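S.K.: dropping a prediction and its sequence here:
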Amino acid sequence: MKNIIVITGASSGFGALAARALAIAGHTVYASMRETTGLNSAQVEAAQKFAAENKVDLRTIELDVASQESADQAIKTIIERDGRLDVVIHNAGHMVFGPGEAFTAEQLAQLYDINVLSTQRVNRAALPQLRKQRKGLVVWVGSTSTRGGTPPYLSPYFAAKAAMEALAVSYAAELNRWGVETSIIVPGAFTSGTNHFAHAGSPADKARQAEYDNGPYAHLGDDIMKGFAATAPADADVNEVARAIVRVVDLPFGKRPFRVHIDPAEDGAEIVNGVADRVRTEMYRNIGLSDLLTPVIY
């Protein structure tokens, strides 16, 4: 079935890869991003070129996840053009790297806004339509960092992704009775193939960072990146994340997995998430709410 899909943060990385893969799979895909006529104008042109060369329905749309007004307008435009919206993919996010103490509280708030509040804005814009249809899919692109081995120097990012994960799990139960399904995609630490690490933010308090750089934690940042590179298999392919999203979208309604891990380094998140999801299932059954575990098919 051809779906109408919107994916956030689709100017690069997992978002751009998934948008193209979904379009190739035959769906109408809105690759959303901010500043389509400015900062990301080159990405818009690249998407248009890809669509023309591959004869697929890949469109770009202005959507700044930091603005409720922008999210509302983007979703309104999609519904006016296509009459419906089938799939919302929360992909927008940003990473930072460095000693946690050297980041200001304002930096953490900004990171939380990009990684967490962005999903709330898009949900508030899109979910009324999905609930009205009594059918839809919300895909959340998470991270193994929330429950896998969590190395230092990524704590603000880990905290934000953990908050997004908590939202995703709770939303799933709140949407199932409306016929809206949830899948959480859980990528591992891909250090190549995207600009995730290359474009990571750094601490604003350079003096505090210098204390770490010149103290007992000197060279730790380099050691962490070397460790990531050493544990990632040589054949780790970032396109696997996009392919996993396509597989989930293409499955029949009611048959989609709640969680899918794409973690070549196998950092342990799949094991911990498996336990957490089992505990969640048992708790819902114990309190008589087991129907909230699966979407209603209307």
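M.R.: Yes, it's here.

S.K.: and E270, how far from Y298?
M.R.: 32 Å (Cβ to Cβ, to the nearest Å). Placement of C-beta: from N, CA and C, glycine included.

S.K.: same drill for those two, tell me which one is more crowded.
M.R.: Neighbours were counted for E270 and for Y298 using other Cβ atoms under 10 Å; E270 has more, 18 against 9.

S.K.: if you count neighbours, what's buried in the helix or strand hosting the more buried one?
M.R.: For E270, the element it lies in under DSSP states H and E is helix 269-286. Residues A269, E270, N273, A276, R280 are the ones in helix 269-286 that count as buried (16 or more other Cβ atoms under 10 Å).

S.K.: so can I have TSV of the residues you listed showing pLDDT and distance to F14?
M.R.: Shown next, in TSV, are the buried residues of helix 269-286 (pLDDT from 0 to 100; distance: Cβ to Cβ, whole Å):
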residue	pLDDT	distance to F14
A269	93	16
E270	95	18
N273	96	19
A276	96	23
R280	97	25
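
S.K.: format those as TSV; extra columns: distance to A172.
M.R.: Formatted as TSV, the buried residues of helix 269-286 follow (distance: Cβ to Cβ, whole Å):
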residue	distance to A172
A269	18
E270	18
N273	13
A276	13
R280	9
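
S.K.: list just the nearest of those residues to Y217.
M.R.: Distance ranking of the buried residues of helix 269-286 against Y217, using Cβ to Cβ, places A269 first at 24.9 Å.

S.K.: now the stretch 151-298 of the chain, which segments are flagged as low pLDDT?
M.R.: Within the stretch 151-298 of the chain, the set of residues satisfying pLDDT under 70 comprises 191-198.

S.K.: surely S118 meets Q68?
M.R.: No. Using Cβ atoms under 8 Å, S118 is not in contact with Q68, being 10.1 Å away.

S.K.: who has more neighbours, those two?
M.R.: Ranked by neighbour count (other Cβ under 10 Å), S118 and Q68 place S118 first, with 25 against 15.

S.K.: the more buried one: what's it in contact with?
M.R.: T8, V65, A66, H90, A92, G93 (Cβ atoms under 8 Å, 6 or more residues apart in numbering).

S.K.: and it, how far from S67?
M.R.: 10 Å.

S.K.: tell me where the protein has strands.
M.R.: 4-7, 28-33, 58-62, 87-90, 136-141, 180-187, 259-262 (DSSP state E).

S.K.: dump those strands into a markdown table; add mean neighbour count as well.
M.R.: A markdown table is the format used below for the strands of the chain (neighbours: other Cβ atoms under 10 Å):
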| stretch | mean neighbour count |
| --- | --- |
| strand 4-7 | 25 |
| strand 28-33 | 27 |
| strand 58-62 | 20 |
| strand 87-90 | 27 |
| strand 136-141 | 24 |
| strand 180-187 | 24 |
| strand 259-262 | 21 |
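
S.K.: to R147, which of these lies closest?
M.R.: strand 180-187 (8.7 Å).

S.K.: run the angle between that closest one and helix 269-286 for me.
M.R.: Relative orientation of strand 180-187 and helix 269-286, computed by axes from the mean of the first three to the mean of the last three Cα atoms, to 10 degrees: 160 degrees.

S.K.: in this protein, which helix has the most residues?
M.R.: helix 155-175 (DSSP state H).

S.K.: chain center to that helix, what's the gap?
M.R.: With Cα atoms, centre = their mean, to the nearest Å as the basis, helix 155-175 stands 10 Å off its chain's centre.

S.K.: enumerate the positions of it that are buried.
M.R.: So for helix 155-175, counting by 16+ other Cβ under 10 Å, buried means 155-165, 167-169, 171-172, 175.

S.K.: who does that helix touch, helix- and strand-wise?
M.R.: helix 105-112, helix 118-133, strand 136-141, strand 180-187 (3 or more Cβ pairs under 8 Å, 6 or more residues apart in numbering; DSSP states H and E).

S.K.: average model confidence for the second one?
M.R.: It stands for helix 118-133. When pLDDT is averaged over helix 118-133, the result is 98.

S.K.: got the angle between it and helix 105-112?
M.R.: Using the same axes, to 10 degrees: helix 118-133 against helix 105-112 is 30 degrees.

S.K.: extract the C-alpha trace of helix 118-133 and format it as PDB.
M.R.: In PDB, the C-alpha atoms belonging to helix 118-133 read as follows (Å, rounded to 0.1, in the frame of the first residue of the first chain):
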ATOM      1  CA  SER A 118      10.300  18.600  18.600                       C
ATOM      2  CA  THR A 119       8.400  15.300  18.700                       C
ATOM      3  CA  GLN A 120       5.700  16.800  20.900                       C
ATOM      4  CA  ARG A 121       5.100  19.700  18.500                       C
ATOM      5  CA  VAL A 122       4.900  17.300  15.500                       C
ATOM      6  CA  ASN A 123       2.600  15.000  17.400                       C
ATOM      7  CA  ARG A 124       0.200  17.800  18.300                       C
ATOM      8  CA  ALA A 125       0.100  18.800  14.700                       C
ATOM      9  CA  ALA A 126      -0.300  15.300  13.200                       C
ATOM     10  CA  LEU A 127      -2.100  13.100  15.600                       C
ATOM     11  CA  PRO A 128      -5.500  14.700  15.300                       C
ATOM     12  CA  GLN A 129      -5.500  13.600  11.600                       C
ATOM     13  CA  LEU A 130      -4.300  10.100  12.400                       C
ATOM     14  CA  ARG A 131      -6.900   9.700  15.200                       C
ATOM     15  CA  LYS A 132      -9.600  11.000  12.900                       C
ATOM     16  CA  GLN A 133      -8.600   8.300  10.300                       C
END
